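Q: I'll drop the sequence and a predicted model, then ask my questions.
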Amino acid sequence: MQRKILVVGGVAGGASVAARVRRLDEHAQVIVFERGPYPSFSNCCLPNFLSREVEDSEDLLLMSPEIFKSQYNIEVRVLNEVIKIMPEEKNVEVKDLVSGEVYQESYDKLALAPGAEVIMPKAIKGIDSDHVFPLKTVPDVRAIDNYIQANNVQNIVIVGGGFIGLEVMDNLRRSGKTVALVEAMDQVMAPLDYDMAQIFHKTIVDNGVKLVVNDQVVAIDEKSVILKSGKTIPAEMVVMSVGVRPETSLAVECGIEIGKTGGILVNRHYQTNYPDIYAVGDAIEVKHAITGKKTRLPLAGPAQMQARAAADHMYGRFNRNPGVIGSSVVRIFDMNAASTGLNEKECRAAEIDYRYAYVIPGDKVGIMPNCNPIFFKLIFEYPSGRILGAQAVGKGNVDRRVDIIATAIHFNATVEDLQNIELSYAPFFSTAKDAVKYAALVAVNVLNGEFKQVPVTAVRGLVESGAFIVDVREEGEYARSHLINAVNIPLSQLRERMDEIPKDQPVYLHCRSSQRSYNAVRALQGNGYTNVYNIQGSFLGISFYEYYQDLITGRKPIVTDYNFD
């Protein structure tokens, strides 16, 4: 008997369900309902049209109803909105948004992929103004671009420092606009820890964007936004990107259960409480693979995996469902950032005892062209050594490094496993001891208590308290810039000058990136020193961490000069 499969919503989740059903069943009747004009588009590339990195908005469209029909024999009805689900009758009610006609379709299986809606906080006065825009669809980005062109807009404020907000900021700045970004939290990019986010803060400021954190928009008028602090920022246009909420109204109305996070509650096969109704994508609640807690993850990759699993289950196939870990990557100007698994904030919230390794090696061999530092943070459980997460920021291939960690997490690997993994190497692609291996080796040392370390976040306190800090860089490096109270004893002179280092008080060592200072720590330990610490991130990490905070607070720098080389 021919099966009839209905799908509500296109894009990553819905379109993938439909395509997988067709691969499993050549004879099924498959109908996709999409209330918008386009069934499949690259929502992740929407911001890139604003800078014309994507030259034409038509290029954002991946599939048309005609292509779905000719290539996959899938019927796609755009501008058709499912307005009611009748689970007992196994029918849906659909409204043709062009003709106004309301009609019904029956189903054997129904897949919901309604996505999420952009949050437009009603508490903000002026949020409904004509020059305030969300960004989620192709019509949205066209509306933004048309408004810019028609009104010769120059001053634009982005509200929200998540993925979309940062990418919109980047592309509008590339197009020559004067851009400000306002973030209510104390940092952009919530998946990054505070210390790692400072690298992005510097990048944003260096590219001419006015960055405001720890403040929020309370009102929008014709020419500016007004912040909670009382400050105003000129704004001929405002793009809202404070987050999304799952689109669950259709599900709620028919009695589909909602989870504690506000997403549609599904089982491991993505079935709702109605066995013939499945749900995937941004609208559902999922389980975090590490903490076991319920969460939501509005990303295209997981949505496609969920879609495949749901379609498989409709045909008696079963997929392992380990949960999600939140792997992601973003490019902002010339800096890239990737993350996976848990960050420090999430470890603390989950009450997980953890440690981390923070290393800053080159992303390739130093004598190769365009070698740049890669800031890499590896978080692991203590005392098991189980890998919990990683963050990487740099101009090079941060995604490859973090993807290795995502794979390690999937297989429940430890830092000992990671230190023994064999990775490909050539001078143009990495160092012989890649950032991942380097971090794993440091992590194993930390796990085994081989040496002690302090985070870059503690350095200001050490300086201001008059702690004994040793800079083991060479004299020329020290002369260019250094911590204001650090003693310069180069590693090359350390063994001859140990009598200058006290044994009766804590000693903190740093170099440029923590490697030479680690060797200095081991040398001191080998000579009877027991109270010595390596400063994670060292001078390069200190410079990036302190720069933006000094800039916005006007506080006295703890370095003679910033050095980011």
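A: Perfect, thanks for sending it.

Q: what secondary structure does the closest residue to residue 511 other than its chain neighbours sit in?
A: Leaving aside its sequence neighbours, residue 511 sits nearest to residue 517 (CB to CB, 6 or more residues apart in numbering; 4.3 Å). All C-beta atoms are positioned from the backbone trio N, CA, C, and that covers glycine. Classification of residue 517 using DSSP: H, G, I helix; E, B strand; the rest coil returns helix.

Q: and residue 517, what pLDDT?
A: With respect to pLDDT, residue 517 scores 97.

Q: likewise the one 3 residues further on?
A: Here the pLDDT value assigned to residue 520 is 97.

Q: Can you tell me whether I have it right that it is in a strand?
A: No - using three-state DSSP, the assignment for residue 520 is helix, not a strand.

Q: quick one: it and residue 510, what's the gap?
A: To residue 510, residue 520 is 9 Å away according to CB to CB, to the nearest Å.

Q: what residues do those two have in common as contacts?
A: Taking CB atoms under 8 Å, 6 or more residues apart in numbering as the contact rule, residue 520 and residue 510 both touch 470, 472.

Q: Who has more neighbours out of the two?
A: Higher neighbour count among residue 520 and residue 510: residue 510, with 31 against 25, using other CB atoms under 10 Å.

Q: what are the bridge partners for that one, then?
A: residue 471 (DSSP bridges).

Q: So which residues of the stretch 451-565 of the chain form helices?
A: For the stretch 451-565 of the chain, applying DSSP state H, counting those that start in this stretch gives helices covering 459-464, 475-480, 515-525, 538-553.

Q: Quick one: list the elements packing against the third one.
A: Contact partners of helix 515-525 among helices and strands, from 3 or more CB pairs under 8 Å, 6 or more residues apart in numbering; DSSP states H and E: strand 507-510, strand 532-535.

Q: Just put the ones you listed in TSV and tack on distance to residue 204.
A: Output for the helices and strands packed on helix 515-525, formatted as TSV (distance: least, CB to CB, whole Å):
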stretch	distance to residue 204
strand 507-510	26
strand 532-535	25
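
Q: and among these, the most buried is which?
A: strand 507-510 (a mean of 26; mean count of other CB atoms under 10 Å).

Q: Show me the contact partners of that one.
A: By CB under 8 Å, 6+ apart, the list of residues contacting strand 507-510 reads 454, 462, 467-472, 483, 486, 501, 517, 520-521, 524, 529, 531-535, 538-539, 542.

Q: Filter the residues you listed down to the buried ones, ChimeraX style.
A: Command for ChimeraX that selects the buried part of the contacts of strand 507-510, burial taken from 16 or more other CB atoms under 10 Å:
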select :454,462,467,468,469,470,471,472,483,486,501,517,520,521,524,532,533,534,535,538,539,542
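
Q: which residue sits closest to residue 106 in space, ignoring its chain neighbours?
A: residue 91 (5.2 Å).

Q: okay but residue 14 is in contact with residue 306, surely?
A: No - with contacts counted by CB atoms under 8 Å, residue 14 stays clear of residue 306, the gap being 10.9 Å.

Q: which residues do the two both contact?
A: Joint contacts of residue 14 and residue 306 (CB under 8 Å, 6+ apart) are 280-281.

Q: Show the model's pLDDT score for residue 90.
A: pLDDT at residue 90 comes out at 97.

Q: Angles on the backbone of it, please.
A: phi 60, psi 50 (degrees, to the nearest 10).

Q: Isn't it up against residue 276?
A: Yes - between residue 90 and residue 276 there is a contact at 6.6 Å, judged by CB under 8 Å.

Q: which residues of the stretch 151-300 of the chain fall in strands?
A: Counting by DSSP state E, counting those that start in this stretch, the stretch 151-300 of the chain has strands at residues 155-159, 178-183, 210-213, 217-220, 224-227, 232-234, 237-240, 244-246, 277-279, 286-287, 294-295.

Q: gap between stretch 21-28 and the chain center?
A: Relative to its parent chain, stretch 21-28 has a centroid offset of 35 Å by CA atoms, centre = their mean, to the nearest Å.

Q: got the buried residues for it?
A: 21-22, 24-25, 28.

Q: Residue 275: neighbour count?
A: Count around residue 275 with other CB under 10 Å applied: 12.

Q: Then the one 5 residues further on?
A: Taking other CB under 10 Å as the neighbour definition, residue 280 ends up with a count of 31.

Q: what about residue 107, neighbour count?
A: By other CB under 10 Å, neighbour count at residue 107 equals 22.

Q: How about the contacts made by residue 550?
A: Each residue near residue 550 by CB under 8 Å, 6+ apart is listed here: 556-557.

Q: any idea how far it is from residue 182?
A: Counting by CB to CB, the gap from residue 550 to residue 182 is 20 Å.

Q: Residue 21 is in contact with residue 28, isn't it?
A: Yes - between residue 21 and residue 28 there is a contact under CB under 8 Å: 5.8 Å.

Q: shared neighbours, the two?
A: Common neighbours of residue 21 and residue 28 (CB under 8 Å, 6+ apart) are residue 5.

Q: mind listing the strands for the stretch 301-450 of the chain?
A: 328-332, 335-341, 354-359, 374-381, 387-394.

Q: Highest mean neighbour count out of these?
A: Highest mean neighbour count among the strands of the stretch 301-450 of the chain (mean count of other CB under 10 Å): strand 387-394, a mean of 28.

Q: picking up where we left off before, can you tell me how far the residue nearest to residue 511 sits from residue 11?
A: According to CB to CB, residue 517 stands 49 Å off from residue 11.

Q: cool, residue 206 as well?
A: Taking CB to CB, one finds residue 206 at 35 Å from residue 11.

Q: More neighbours: which of those two?
A: residue 11 (25 against 14).

Q: Model confidence for residue 10, exactly?
A: 83.

Q: And the one 4 residues further on, by the same measure?
A: Among the per-residue scores, residue 14 shows a pLDDT of 93.

Q: just checking, it is part of a helix?
A: Yes - counting by three-state DSSP, one finds residue 14 located in a helix.

Q: Skipping its backbone neighbours, what lies nearest it in space?
A: Going by CB to CB, 6+ apart, residue 14 has residue 113 as its nearest residue, at 3.5 Å.
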